[in-house]
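[1] dropping the sequence and predicted coords here.
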Amino acid sequence: MLDLDLAKRVLKERNLSLVIAKRSRLLFESRSSGISGLLQAVGDLKENLHDSSVADRVVGRAAALVLAQSGVKGVYAATLSKEGLRVLEENDIYIEHDNLVPKILDKEGKSICPFERFSATIESVDEAYEELRTFAESLRERG
């Protein structure tokens with residue numbers, strides 16, 4: 001998986017939060033925290049994400065649903081939740097990770113991440129991006 005190796009190397013070397021590579025080229029990189037960078041990448045790249053490789057600092061169930069919907073072929077996560085792993089495996093996505101954790105926690109590390117909590121209600125991979133994008137917008141509007 002040359003693209004995954006490239007994405008992983010760039011993620012670590014540039015201290016990024018998200019890197020997407022395809023056909024030995026970088027398609028997207030971000031320092032945004034949480035799922036916002038991934039949601040932006042899906043909005044910007046759309047079907048160009050298909051068959052790409054993604055390196056992300058944190059992948060939980062919410063991110064895994066979006067990645068599965070996007071048709072990526074490989075994912076590296078520095079930290080991966082058990083639910084994220086399950087979603088990626090169910091969608092036949094190649095996975096590498098450093099740390100496997102029970103749940104993704106919020107920024108304070110005290111409770112479950114709001115996106116993880118919200119994604120538990122999403123039944124279909126096909127609906128994941130729109131539902132999570134709408135949820136992210138509602139959180140931004142609240143302040």
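    On my side now, so go ahead.

[2] secondary structure class for residue 123?
    coil (DSSP: H, G, I helix; E, B strand; the rest coil).

[3] what's it sitting at in phi/psi?
    phi -90, psi -30 (degrees, to the nearest 10).

[4] what comes up buried for stretch 25-43?
    Within stretch 25-43, the residues that count as buried by 16 or more other C-beta atoms under 10 Å are 27-30, 34-42. Every C-beta, even on glycine, is put in place using the N, C-alpha and C of the backbone.

[5] check contacts around the most centrally placed residue in the chain.
    With distances taken as C-alpha atoms, centre = their mean, residue 63 lies nearest the centre of the chain, 3.5 Å away. Applying C-beta atoms under 8 Å, 6 or more residues apart in numbering, we find residue 63 in contact with 35, 38, 56, 84, 115.

[6] of all the residues in whichever strand or helix holds it, which ones are buried?
    For residue 63, the host element (DSSP states H and E) is helix 61-70. Buried residues in helix 61-70, defined by neighbour count with 16+ other C-beta under 10 Å: 61, 62, 63, 64, 65, 66, 67, 68, 69, 70.

[7] just stretch 47-65 next, same as before
    49, 52-65.

[8] with stretch 134-143 instead?
    Buried residues in stretch 134-143, defined by neighbour count with 16+ other C-beta under 10 Å: 135, 136.

[9] tell me the average confidence for it?
    What stretch 134-143 shows for mean pLDDT is 88.

[10] which residues touch that stretch?
    35, 36, 39, 114, 115, 118.

[11] show me what contacts the fifth one?
    Pointing back at residue 115 there. Residue 115 makes contact with 34, 35, 60, 62, 63, 104, 132, 135, 136 under the criterion C-beta under 8 Å, 6+ apart.

[12] scan this structure for its longest helix.
    Determined from DSSP state H, the single longest helix within the chain is helix 128-142.

[13] return that one as PDB; C-alpha atoms alone will do.
    The C-alpha coordinates for helix 128-142 follow below in PDB (Å, rounded to 0.1, in the frame of the first residue of the first chain):
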ATOM      1  CA  ALA A 128     -23.200   9.000   7.200                       C
ATOM      2  CA  TYR A 129     -21.600  12.000   5.500                       C
ATOM      3  CA  GLU A 130     -24.800  14.100   5.300                       C
ATOM      4  CA  GLU A 131     -26.000  13.300   8.800                       C
ATOM      5  CA  LEU A 132     -22.600  14.000  10.300                       C
ATOM      6  CA  ARG A 133     -22.100  17.200   8.300                       C
ATOM      7  CA  THR A 134     -25.500  18.500   9.400                       C
ATOM      8  CA  PHE A 135     -24.700  17.600  13.000                       C
ATOM      9  CA  ALA A 136     -21.300  19.400  12.800                       C
ATOM     10  CA  GLU A 137     -23.100  22.500  11.500                       C
ATOM     11  CA  SER A 138     -25.600  22.400  14.300                       C
ATOM     12  CA  LEU A 139     -22.700  22.300  16.800                       C
ATOM     13  CA  ARG A 140     -21.000  25.300  15.200                       C
ATOM     14  CA  GLU A 141     -24.200  27.300  15.300                       C
ATOM     15  CA  ARG A 142     -24.600  26.600  19.000                       C
END
